[in-house]
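Visitor: Can you look at this prediction? I've put the sequence above it.
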Amino acid sequence: MSFAALRAVILVSILMVGIQLASGNDDTQNHLSNDINELLENLGSRNFEQDPASGKLVLRVGHTLRIENCGNYPYHNNDDPKAGYLQLADDIKDGLTQGLQCLAGLGPMGPQHPYHMNQASWLIEILSSKQTKTFRCVQDETFAYAVSRASPERIKGDTFDEVTKDLPYPGVLIDTYRISGFLSRKHEASTYREFFKLDERLIDKHLNKRPLQLDGLHRYRDRPALLFHEMAHWLGHVHSSTYPDVVELYETCCFGGDDHIRDADTNRDFQQQACAILRDGELWEVNRYKQMRLWKYRGYDQLKRNMRAAYD
């Protein structure tokens, strides 16, 4: 066979492999799209009930989500005691719609590396499992926190239900003081006096009546992004500056930047940087050690720091 003929065969082979890979991604996307739609349809089911132990109102969302103590969600201004529960259910569904479509490459930011498509599949499996996932609203305890999670490393071929049947229920705690922009009530009186410059009348009002909302305290606007961020922790990801902060990247890329940054152009720039990192094939195809080196070498570790510096 001549060199020209051999070269032609190689080129055709490369082209065919590329077509097969693209077809595989298309098949995965189609499968993911169907799974996402099925999950979202399930989350459209809402049923109120009374907890038999406490007698308190509980909202069941879909087959396995449970919302507790959220009458004041999100900003403590609901006249209807059921309104907060229903708003949280909507925010969960909106966050999953946008986040999962983004990771599946079906959102406006375009295709992602297949690693993130797999993460979308894994989160759908967690949400579709028989295990109850609880969302509980608290006041002045924690900003938002993912409780428990199932690490992908624990699966080893078993189903999610088999692996996690003896684990505590996963869930999310949501502090309705913090996302409302209320000042915490947990500080010492001297802190309110010396740091926040409150007089005795305002300190008394804050501690004994309605908590204060001061200039500069952030009211969280993109609540679906916050909720998707917390649910992404169920995948086993934790925050870090030394290796990819997957949860932060997902929120920044899929939800248009950071809720603490008001300038649209600045947010758009950070969003594009985060999406570019999610598409970096080499980063998502190497072992943990090489991944940490690439994270530092390519300056990706500066993204979160730069975003914090841009906070309003």
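Guide: Looks like it came in fine.
Visitor: So which bits of stretch 26-33 are buried?
Guide: Neighbour-count burial for stretch 26-33, counted by 16 or more other Cβ atoms under 10 Å, picks out Thr28, Gln29, Leu32. (Glycine included, C-beta is placed from N, CA and C.)
Visitor: typed the wrong thing, it's stretch 80-89
Guide: Buried, per 16+ other Cβ under 10 Å, within stretch 80-89: Gly84, Tyr85, Leu86, Gln87, Leu88, Ala89.
Visitor: What average pLDDT does that stretch get?
Guide: Stretch 80-89 carries an average pLDDT of 96.
Visitor: begin at 42 from here
Guide: In the new count, where the first residue is 42, that last one comes out as stretch 121-130.
Visitor: Go through it and list whatever outside residues touch any part of it.
Guide: 84, 87, 89, 98, 100, 102, 106, 108, 111-115, 119, 176, 178, 215 (Cβ atoms under 8 Å, 6 or more residues apart in numbering).
Visitor: Mind checking which of the residues you listed land in strands?
Guide: Members of the contacts of stretch 121-130 lying in strands (criterion: DSSP state E): Arg87, Phe89, Leu98, Leu100, Val102, Leu106, Ile108, Phe176, Cys178, Ile215.
Visitor: want to throw these into a markdown table with distance to Lys345, neighbour count and pLDDT?
Guide: Below are the ones in strands among the contacts of stretch 121-130 laid out as a markdown table (distance: Cβ to Cβ, whole Å; neighbours: other Cβ atoms under 10 Å; pLDDT from 0 to 100):
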| residue | distance to Lys345 | neighbour count | pLDDT |
| --- | --- | --- | --- |
| Arg87 | 36 | 17 | 97 |
| Phe89 | 40 | 12 | 97 |
| Leu98 | 38 | 18 | 94 |
| Leu100 | 34 | 20 | 97 |
| Val102 | 31 | 23 | 97 |
| Leu106 | 30 | 22 | 96 |
| Ile108 | 30 | 28 | 96 |
| Phe176 | 26 | 26 | 95 |
| Cys178 | 27 | 23 | 94 |
| Ile215 | 22 | 28 | 94 |
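Visitor: of all these, which comes closest to Gln160?
Guide: Lowest distance from Gln160 to those (Cβ to Cβ) belongs to Leu106, with 19.5 Å.
Visitor: just to revisit the earlier point, hmm, which two among the ones in strands among the contacts of stretch 121-130 are most spread apart?
Guide: Phe89 and Ile215 (18.7 Å).
Visitor: returning to that earlier point: could you redo the buried residues of stretch 121-130 as CSV and give each row distance to Pro285 and secondary structure?
Guide: Shown next, in CSV, are the buried residues of stretch 121-130 (distance: Cβ to Cβ, whole Å; DSSP: H, G, I helix; E, B strand; the rest coil):
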residue, distance to Pro285, secondary structure
Gly125, 35, helix
Tyr126, 35, helix
Leu127, 35, helix
Gln128, 32, helix
Leu129, 29, helix
Ala130, 31, helix
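Visitor: Nearest to Arg262 among those residues?
Guide: Checking these against Arg262 with Cβ to Cβ, the nearest one is Gln128 at 13.6 Å.
Visitor: residues in contact with Tyr186?
Guide: Contacts for Tyr186 (Cβ under 8 Å, 6+ apart) come out as Val213, Leu214, Glu271.
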